[in-house]
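Visitor: Okay, predicted coordinates and the sequence, questions at the end:
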Amino acid sequence: MILVKPSSKVLSIMDQLPADSLGLIELAGRTCYKSEDRITPDSSLKFVADILKLGHESVIEHSAMTVKFICDRGVTHELVRHRLCAFSQESTRYCNYSGGVTFVIPPWVNVEEGNYTEDNTLVSSDEESLLWFSAMWNLEGIYTSLIGKGWTPQQARSVLPNSLKTEIVVTANFREWRHIFKLRCAKAAHPQMREVMIPLHEECKRLIPIIFDDIEY
């Protein structure tokens, strides 16, 4: 049994002519005002900042970002509710985990990452964390036994919990990512959703100036 922490990785930020995402947004936005002649090598930052202050967010739909998440199934159940995104997710119908199931450690569970076997099992932790660990351990054994008795992955998946590790690739335009960050980084969001979204938001602030800087939580 493998236990991991969740993570995210930016795979792509849409890059067309002109050479950067902000430049593309400026070109699209200035088309509305017929002010393309005011484009300079460094004008996009101010232009995009101004249109966001005006609430003209439709312009930032012209650029998009693709992110790969490694998280548990509970988080992906919430992610896929964002209907303006494109999703490609690891399928429990076709993936066979009989060689070892991977689970995501919730942030409130005091267990270290690692590959746990009969010779390397958890020996000390608080009672609640031990209960969670035991549940994952037992469910892996049940899943493996069912596969061994002839069940297909799509049948055996019925015993797998929300803590099952899954990988999902998400593509959305910048406006939708702003909506996602506002909703999923907020204090009212699920702790596991915040665990992946807050670091991603900080990374996006670094990679794409202006677009996500004003989002607070």
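Guide: Perfect, thanks for sending it. Numbering: from 1, shown residues only.

Visitor: Show me the strands in this structure, by range?
Guide: Taking DSSP state E as the criterion, the chain carries its strands at 2-4, 7-13, 64-72, 86-89, 102-104, 114-115, 165-173.

Visitor: how about these, which one is nearest residue 135?
Guide: strand 102-104 (9.4 Å; C-beta to C-beta). Bear in mind the C-beta positions are built from the backbone N, C-alpha and C, glycine included.

Visitor: My read is that residue 30 contacts residue 36, right?
Guide: Yes - judged on C-beta atoms under 8 Å, residue 30 makes contact with residue 36 at a distance of 4.9 Å.

Visitor: the more surrounded of the two?
Guide: More neighbours surround residue 30 than the other of residue 30 and residue 36, with 19 against 11 (other C-beta atoms under 10 Å).

Visitor: Please point out which parts of stretch 195-206 sit buried.
Guide: 195-197, 200-201, 204-205 (16 or more other C-beta atoms under 10 Å).

Visitor: about what we covered before: can I get the strands of the chain in TSV with mean pLDDT and distance to residue 121?
Guide: Below are those laid out as TSV (pLDDT from 0 to 100; distance: least, C-beta to C-beta, whole Å):
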stretch	mean pLDDT	distance to residue 121
strand 2-4	96	11
strand 7-13	93	24
strand 64-72	96	21
strand 86-89	97	30
strand 102-104	98	14
strand 114-115	94	10
strand 165-173	97	19
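
Visitor: Show me what the helix or strand of the chain with the lowest mean pLDDT is packed up against.
Guide: Lowest by mean pLDDT, DSSP states H and E among the helices and strands of the chain is helix 21-33, with a mean of 85. Packed against helix 21-33, as judged by 3 or more C-beta pairs under 8 Å, 6 or more residues apart in numbering; DSSP states H and E, are the following elements: helix 44-53.

Visitor: Would you mind extracting the C-alpha trace of the helix it packs on into CSV?
Guide: Once side chains and other backbone atoms are set aside, the C-alpha atoms of helix 44-53 remain, and they are given as CSV (Å, rounded to 0.1, in the frame of the first residue of the first chain):
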residue,chain,number,x,y,z
SER,A,44,-0.1,44.3,-21.5
LEU,A,45,0.4,44.3,-17.7
LYS,A,46,-1.4,47.7,-17.3
PHE,A,47,-4.0,46.9,-19.8
VAL,A,48,-5.0,43.6,-18.2
ALA,A,49,-4.9,45.1,-14.7
ASP,A,50,-7.3,47.8,-15.9
ILE,A,51,-9.8,45.5,-17.6
LEU,A,52,-9.9,43.3,-14.4
LYS,A,53,-10.6,46.4,-12.3
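
Visitor: residues making contact with it?
Guide: Counting contacts by C-beta atoms under 8 Å, 6 or more residues apart in numbering, the residues outside helix 44-53 that touch it are 20, 22-23, 25-26, 29-30, 57, 59-60, 209-211, 214.

Visitor: follow-up on the earlier one: and of the buried residues of stretch 195-206, the nearest to residue 95?
Guide: Nearest to residue 95, judged by C-beta to C-beta, of the buried residues of stretch 195-206 is residue 196 at 20.7 Å.

Visitor: Local confidence estimate at the closest one?
Guide: Listed pLDDT for residue 196 reads 98.
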